[in-house]
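Chemist: Build the 3D model from these lines:
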Amino acid sequence: MFGKKKKVVGLDIGSSQTKVVELLPGKTKRLINYGISKILPDAIVEGEIIDREAVLDSIRTLFESRNITTKDVVIGLAGRDVIIKRIVMDRLSEAETREQIKWEAEQYVPFDINEVSLDFDVVNPNYGENQQEVVLVAAKNELINNLTALLKELNLNPIIIDTAAFALQNAFEYNYQPGPDETIALVNIGAGMTIINVIKGGSSLLARDVYYGVNSYINKLQKEIGFNYEDAANTVKGTIPVGASQDSIQGVFESFVNDLSTQIERSLQFLTTVTGEEKVSKMFITGGGALIANMVDYLKRRLNVSVEVFNPFKNILYDPSIFAPEGVEMIGPVLTQAVGLALRGD
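Modeler: Got it, this is the predicted structure:
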């Protein structure tokens, strides 16, 4: 939302990994390079950078190990310091809307309005009599300034600051062609956070960040079965420790998916209450959590909706060997947000 389009690298700073995607600009996009680098546990907690040096080291290692020389980057914001809300206001010109949006935002943004950066997108200019519908975005200046300073310390230039929810939407709309009347739920199941963006007709109906993700599954395995962190993390990836009870692990998994489904359900119920939209047509899941065995089937059964793993490279050209040996099916979902950010450059 914040900034103009140009050639960039998409940089997704997550709570457990840093991801980068570099695309060849042009009408038909081609993947040039990508990289994934781990971040020390608890270096980022609920979107807040706790261990600055650990995050710097992860990004530095990523760019150096992948020989990425491009300095212009796009980053995505998420968490409690970011608000995305659909609002109705008087129909005005774009210039007048920009002037008025600050006063409108005061009604919806739970922060000091002088301490946030605002942007907006008119999604329905003819909402009602002399009214328009606008997607309002607000982000705390402190969050933006901290990330900008961190990147500049690495000689990186954050030319566009987007939101993680809109990055998902950007990646989806480039790779898929939903019908104008389809209501689609995009769900990125990350390590510490799940990002939900429900879209219809090219605009966001609801965007929410939920502090529940793969780390919650790992914690459940540690607490309820007694695994150490390494065994729990490996179990999530499909490698079960010798002698572990399959039934116990299955029980923890079902408990995790049930809790995650409840979080998603609450968002969808809120959508129905606020917008009157009926049940979503389809759900696309992505992020590391989308790769957990049986996740699609359990979500489909629990939420009673069609669920598919989001392929962010569906319409992007790439050499299959770039994803060897794991393959694009295993790497792609982890890179979805970074792809959506990289697509901002053209």
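Chemist: Who does the helix or strand harbouring residue 136 pair with, and is each partner parallel or antiparallel?
Modeler: Using DSSP states H and E, residue 136 maps to strand 131-140. Strands that pair with strand 131-140, judged by DSSP bridges, come out as strand 82-90 (antiparallel), strand 116-128 (antiparallel).
Chemist: gap between the residue lying farthest from the centre of the chain and residue 33?
Modeler: In the chain, residue 243 marks the outermost C-alpha relative to the chain mean, sitting 36.2 Å out by C-alpha atoms, centre = their mean. Using C-beta to C-beta, to the nearest Å, one obtains 41 Å as the distance from residue 243 to residue 33. To be clear about C-beta, it is placed using only N, CA and C from the backbone, and glycine gets the same treatment.
Chemist: Pretty sure residue 202 sits against residue 172.
Modeler: No - the pair residue 202 / residue 172 is not scored as a contact, 10.5 Å apart, by C-beta atoms under 8 Å.
Chemist: of these two, who's got more company?
Modeler: For residue 202 versus residue 172, the count of surrounding residues by other C-beta atoms under 10 Å is larger for residue 172: 23 against 10.
Chemist: Which residue ranges make up the domains of this protein?
Modeler: 1-81+141-175+314-346, 177-310 (automatic domain parsing).
Chemist: Rebuild these as TSV, extending it with distance to residue 92.
Modeler: Below are these laid out as TSV (distance: least, C-beta to C-beta, whole Å):
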stretch	distance to residue 92
domain 1-81+141-175+314-346	19
domain 177-310	18
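Chemist: Nearest to residue 132, out of those?
Modeler: domain 177-310 (12.4 Å; C-beta to C-beta).
Chemist: Now the terminal residues of that closest one, how far apart.
Modeler: 13 Å (C-alpha to C-alpha, to the nearest Å).
Chemist: just how off-centre is it within its chain?
Modeler: 13 Å (C-alpha atoms, centre = their mean, to the nearest Å).
Chemist: Which parts of the stretch 1-150 of the chain are strands?
Modeler: With DSSP state E, counting those that start in this stretch as the criterion, the stretch 1-150 of the chain has strands at 9-13, 17-24, 30-38, 44-45, 48-49, 72-77, 82-90, 116-128, 131-140.
Chemist: Past the longest helix along the chain, which element shows up next along the chain?
Modeler: Ranked by residue count and defined by DSSP state H, the top helix of the chain is helix 246-275. Per DSSP H and E, the first helix or strand lying C-terminal to helix 246-275 is strand 282-286.
Chemist: what's next to that following strand, contact-wise?
Modeler: 168, 172, 176, 178, 182, 184-189, 295-296, 299, 303, 305-310, 312, 333, 336 (C-beta atoms under 8 Å, 6 or more residues apart in numbering).
Chemist: need the next SSE after it, C-terminal direction.
Modeler: helix 295-303.
Chemist: Please report the distance of residue 106 from residue 100.
Modeler: For residue 106, the distance to residue 100 - C-beta to C-beta - is 11 Å.
Chemist: Between the two, which has more neighbouring residues?
Modeler: residue 100 (15 against 11).
Chemist: Contact partners for that one?
Modeler: Contacts of residue 100 by C-beta under 8 Å, 6+ apart are 89-90, 92.
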